[in-house]
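Asks: Next input, structure requested:
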Amino acid sequence: MFTPTLLISTLTLLGSTWAAPKSHADHDHVSYSQGGLGKRWYQDSDSETAKLFRRAPANAGTPEWQAQYPAPGTTPPTSSLPQAWLDRLAAVTASPDFPKFGPTQPNNGYPTYANGLKGTDPEVCSFTYECISEEDLTDAPQGVVGLNFDDGPTPFSPDLYDYIEKNNISATHFMIGGNIYYNWQTFQRAVNDGGHIASHTWSHPYMTTLTNEQVVAELGWTSQIIADLNDGRVPAYWRPPFGDTDNRVRMIAQQVFGLKTVPWQIGRDSADWSISDTAPSQNTRESVISTMTGWLTDPAKKGYIDVNEASKADLDVFFAVYPVMIQNNWTVKNVADANDLWEYVNAEDNESPLAGPTGIVQSGSPGNLSTYEPMASGTASGTASQSTGASSTGSSNSTTMSSSAALSSSAASSMAASGSSNSAASATRSASQSPTTSTATQNNATNGGSTVSPTMATGLISVVALAFGLLY
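Replies: A predicted model of the protein is given here:
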């Protein structure tokens with residue numbers, strides 16, 4: 001039987017060959033021109049990144065600039081994908097180690113597979129069904145928080161960035177490509193304040209339901225717009241919306257674009273996604289803050305916190321729990337710094353020069369895309385070892401819950417057919433969190449708002465305690 005293994009050939013060398021990237025205090029802030037691009041951007045024309053991501057010729061925010069990208073709020077059409085992306089996809093899928101299964105059926109947040117496959121099968125390794133790949137980024141050094149935020153940039157983001165700047169914090173921002181399109185100046189603010197930018201896809205879909213080409217479209221266009229607005233720096237990490245990923249999607253992300261999958265720690269669901277100021281909800285700011293405070297005051301320092309920047313409730317929770325981190329002597333870093341990894345596939349951080357022409361990912365960065373190797377077999381969370389770091393808990397779009405949670409009779413029957421061990425609450429969560437961007441896109445076209453729907457906006461700012469795992 002096919003046993004997938006995920007390529008991170010240089011990742012194992014990182015701890016010994018590279019010192020931790022510079023702290024936020026050491027970062028020189030970059031000044032941006034009106035056009036939206038920094039002054040320093042040289043990428044060797046022979047590099048893989050230059051071949052995959054051509055620099056945008058127009059100034060940011062202009063009609064010419066907007067015309068270079070697909071419409072926000074929906075999966076980009078596959079008919080207009082750059083040929084370089086398709087060529088790389090063809091090379092990856094031609095490998096005998098590429099998973100043989102195709103897209104899933106959504107099934108209310110619990111994707112189902114054809115031909116009797118289950119999400120828990122090693123060749124599938126669906127994170128929804130609590131399967132963690134050996135290459136998923138879920139651990140970090142003891143006592144370290146890998147701070148991260150999902151779903152930005154949004155109209156709420158500037159208040160968050162003011163707080164980050166005031167407290168000299170460097171965090172990872174898993175950003176939605178469509179939101180960057182509408183809020184590109186806010187995006188640049190995050191970079192200018194020392195933020196580490198990562199991908200949260202173009203339109204926030206259930207990724208396992210997409211074809212190979214659609215997966216490439218969601219990830220590729222997000223990487224493209226991030227590179228265009230951050231001096232050619234290509235993101236090295238991505239978080240699957242709703243936690244929906246499997247070995248097929250992982251392999252495309254890693255080996256086409258150099259993206260390492262960063263889910264969250266199973267069993268550490270902050271439930272921030274359920275906070276609502278306009279409708280009854282099962283959690284309040286106070287209850288979520290209490291839950292997170294419990295993790296942060298645990299003497300074992302085993303806790304990962306995940307929040308969004310999509311609503312005022314998100315910010316209120318983070319503003320309350322950040323002082324608790326400091327009071328309890330957590331070391332707060334962005335996701336890459338917490339693991340002593342490069343922040344981008346072609347640059348160590350926002351101030352470092354772009355890497356040379358030998359490959360899309362240089363030695364010492366998260367992966368090497370010059371070869372295609374099998375993906376590591378998945379490990380069910382029930383037997384997975386989480387011994388060293390802060391594990392990433394559920395974010396606003398988490399679809400995984402503890403396998404020991406009781407199931408409602410209706411949810412249990414539907415999950416039994418697909419082999420799920422997740423709780424019924426998870427299915428409710430993912431269904432309620434599904435973004436609806438058709439109206440949001442229309443509104444944002446005129447007011448520069450976010451493509452995150454009001455439902456998504458109930459999510460939380462992803463504060464990852466990387467001492468035991470990572471992000472959403």
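Asks: how about the strands in the stretch 1-150 of the chain?
Replies: Per DSSP state E, counting those that start in this stretch, the stretch 1-150 of the chain carries strands over the ranges 131-133, 144-152.
Asks: Can you give me the buried ones in the longest one?
Replies: By neighbour count with 16 or more other CB atoms under 10 Å, strand 144-152 contains the buried residues 144, 145, 146, 147, 148, 149, 150, 151, 152. C-betas here are computed from N, CA, C, even on glycine.
Asks: who does that strand pair up with?
Replies: Partners of strand 144-152 in the sheet, by DSSP bridges, are strand 172-175 (parallel), strand 307-308 (parallel), strand 331-333 (parallel), strand 463-464 (antiparallel).
Asks: just those: most buried one?
Replies: Comparing these by mean neighbour count (mean count of other CB atoms under 10 Å), strand 463-464 comes out on top with a mean of 38.
Asks: mean confidence for that one?
Replies: Here strand 463-464 scores 38 as its mean pLDDT.
Asks: Residue ranges in the stretch 151-300 of the chain under the pLDDT threshold?
Replies: Scanning the stretch 151-300 of the chain for pLDDT under 70 picks out 269-271, 273.
Asks: Swap in 80 and give it another go.
Replies: For the stretch 151-300 of the chain, applying pLDDT under 80 flags the ranges 265-274, 276-282, 300.
Asks: need the helices for it, in chain order.
Replies: 157-166, 177-182, 184-192, 212-229, 247-257, 285-296 (DSSP state H, counting those that start in this stretch).
Asks: Need the winner for burial among the ones you listed.
Replies: Using mean count of other CB under 10 Å, helix 177-182 ranks as the most buried of the helices of the stretch 151-300 of the chain, with a mean of 29.
Asks: Can you give me the neighbour number for the spatially closest residue to residue 176 that is not a sequence neighbour?
Replies: Using CB to CB, 6 or more residues apart in numbering and skipping residues adjacent in sequence, the residue nearest residue 176 is residue 200, 4.9 Å away. Applying other CB atoms under 10 Å, we find 31 residues neighbouring residue 200.
Asks: List the contacts of residue 200.
Replies: Contacts for residue 200 (CB atoms under 8 Å, 6 or more residues apart in numbering) come out as 150, 151, 174, 175, 176, 222, 238, 239, 241.
Asks: Serialize the strands of the stretch 1-150 of the chain to TSV and add fields for distance to residue 226.
Replies: Output for these, formatted as TSV (distance: least, CB to CB, whole Å):
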stretch	distance to residue 226
strand 131-133	24
strand 144-152	12
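Asks: Show me the one of those that comes nearest residue 83.
Replies: strand 131-133 (29.4 Å; CB to CB).
Asks: helices or strands up against the closest one?
Replies: If contacts are counted by 3 or more CB pairs under 8 Å, 6 or more residues apart in numbering; DSSP states H and E, strand 131-133 sits against strand 378-380.
Asks: ok, now how distant is residue 119 from residue 246?
Replies: According to CB to CB, to the nearest Å, residue 119 and residue 246 sit 7 Å apart.
Asks: Same drill for those two, tell me which one is more crowded.
Replies: Taking other CB under 10 Å, residue 119 and residue 246 do not tie; residue 246 has more neighbours (29 against 25).
Asks: would you turn the helices of the stretch 151-300 of the chain into TSV with distance to residue 101?
Replies: Shown next, in TSV, are the helices of the stretch 151-300 of the chain (distance: least, CB to CB, whole Å):
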stretch	distance to residue 101
helix 157-166	37
helix 177-182	26
helix 184-192	35
helix 212-229	11
helix 247-257	6
helix 285-296	36
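Asks: outside of stretch 79-91, which residues touch it?
Replies: When contacts are defined by CB under 8 Å, 6+ apart, stretch 79-91 is touched by residues 51-52, 54, 70, 212-213, 216-217, 220, 252, 255-256, 369, 372.
Asks: change it to 7 Å
Replies: Residues from elsewhere that reach stretch 79-91 (CB atoms under 7 Å, 6 or more residues apart in numbering): 51, 52, 212, 213, 216, 217, 220, 252, 256, 372.
Asks: now it: mean pLDDT?
Replies: Average pLDDT, stretch 79-91: 95.
Asks: closest one to residue 131 among the helices of the stretch 151-300 of the chain?
Replies: Nearest to residue 131 among these is helix 247-257; the distance by CB to CB comes to 8.9 Å.
Asks: For the closest one, name the packing helices and strands.
Replies: helix 83-93, helix 212-229, strand 260-261 (3 or more CB pairs under 7 Å, 6 or more residues apart in numbering; DSSP states H and E).
Asks: Adding distance to residue 166, write the ones you listed out as TSV.
Replies: Below are those laid out as TSV (distance: least, CB to CB, whole Å):
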stretch	distance to residue 166
helix 83-93	40
helix 212-229	24
strand 260-261	30
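Asks: Tell me which of the ones you listed sits nearest to residue 130.
Replies: When the helices and strands packed on helix 247-257 are compared (using CB to CB), the closest one is strand 260-261, at 14.7 Å.
Asks: Across the sheet, point out what pairs with residue 196.
Replies: With DSSP bridges as the criterion, residue 196 is bridged to residue 172.
Asks: Test my guess that it contacts residue 334.
Replies: Yes - counting by CB atoms under 7 Å, residue 196 touches residue 334, with 4.1 Å between them.
Asks: all helices for the stretch 1-150 of the chain, in order.
Replies: Under DSSP H, counting those that start in this stretch, the stretch 1-150 of the chain gives helices at 14-17, 48-52, 63-66, 83-93.
Asks: Identify whichever of these lies nearest to residue 274.
Replies: helix 63-66 (34.8 Å).
Asks: any idea of the mean pLDDT in the closest one?
Replies: Mean pLDDT, computed over helix 63-66, is 93.
Asks: How about residues contacting it?
Replies: 56, 58, 59.
Asks: 6 Å - rerun?
Replies: residue 58 (CB atoms under 6 Å, 6 or more residues apart in numbering).
Asks: just the CA coordinates of that helix, formatted as PDB?
Replies: Provided in PDB are the C-alpha atoms of helix 63-66 (Å, rounded to 0.1, in the frame of the first residue of the first chain):
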ATOM      1  CA  PRO A  63      -6.600  49.100 -11.400                       C
ATOM      2  CA  GLU A  64      -3.700  47.600 -13.200                       C
ATOM      3  CA  TRP A  65      -2.400  46.000 -10.100                       C
ATOM      4  CA  GLN A  66      -5.800  44.600  -9.200                       C
END
